[in-house]
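Visitor: below is the structure, and that's it, no one-letter string:
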């Protein structure tokens, strides 16, 4: 069984995601109900896939902005994907920043859009750093149960 200390650390870290507004409690609780014997690593897999995909989406948005002319269709598609994937795991701050980014570009405000992209990248980096640690701790907790 996982050590009490590790379980306590996981609980504290999980709560900090909610307290800091990084994750939506309801959405994460729903995702946790989907984890079962057939898919015991569901949460870790969902979070890991989000981190991989969201990094790609942000990189693609940045690259599309650097093209001349700007590749708006690619940018829009990547922002839409990022918005959907962040909503699906409850990544509240990333979802909010993505909405701000989309609005700026839809309004034609390139300077605000570029500033928003930098803020999104910073939020994503912070979230990724914390989520990677959390996923590793989840894996350790499950491993120590065997």
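Guide: Perfect, I can see it now. None of these values were measured; they are calculated from a predicted model.

Visitor: number of nearby residues for residue 43?
Guide: Per other C-beta atoms under 10 Å, the neighbour tally for residue 43 reads 18. The C-beta positions use only the backbone N, C-alpha and C, and glycine is treated the same way.

Visitor: over to residue 20?
Guide: 13.

Visitor: for the protein, which helix is longest?
Guide: helix 110-145 (DSSP state H).

Visitor: how about that one: buried residues?
Guide: 113, 116-117, 120-121, 123-124, 127-128, 130-131, 134-135, 137-138, 141 (16 or more other C-beta atoms under 10 Å).

Visitor: closest one of these to residue 45?
Guide: Nearest to residue 45 out of the buried residues of helix 110-145 is residue 135 (C-beta to C-beta; 9.2 Å).

Visitor: measure stretch 14-24 end to end?
Guide: Across stretch 14-24, the terminal residues are separated by 11 Å (C-alpha to C-alpha, to the nearest Å).

Visitor: now that stretch: average pLDDT?
Guide: Stretch 14-24 shows a mean pLDDT of 96.

Visitor: what do you get for stretch 44-57?
Guide: Averaged across stretch 44-57, the pLDDT comes to 96.

Visitor: run through who's touching that stretch.
Guide: Applying C-beta atoms under 8 Å, 6 or more residues apart in numbering, the contact partners of stretch 44-57 are 31, 39, 78-79, 81-82, 85-86, 88-89, 91, 94, 124, 128, 131-132, 134-135, 138-139.

Visitor: if you set the cut-off to 10 Å instead, what comes out?
Guide: With C-beta atoms under 10 Å, 6 or more residues apart in numbering as the test, stretch 44-57 has contacts from 23, 28, 31, 34-35, 39, 41, 77-86, 88-91, 94, 98, 120-121, 124-125, 127-128, 131-132, 134-136, 138-139, 142.

Visitor: that concludes my questions; thank you for your assistance.
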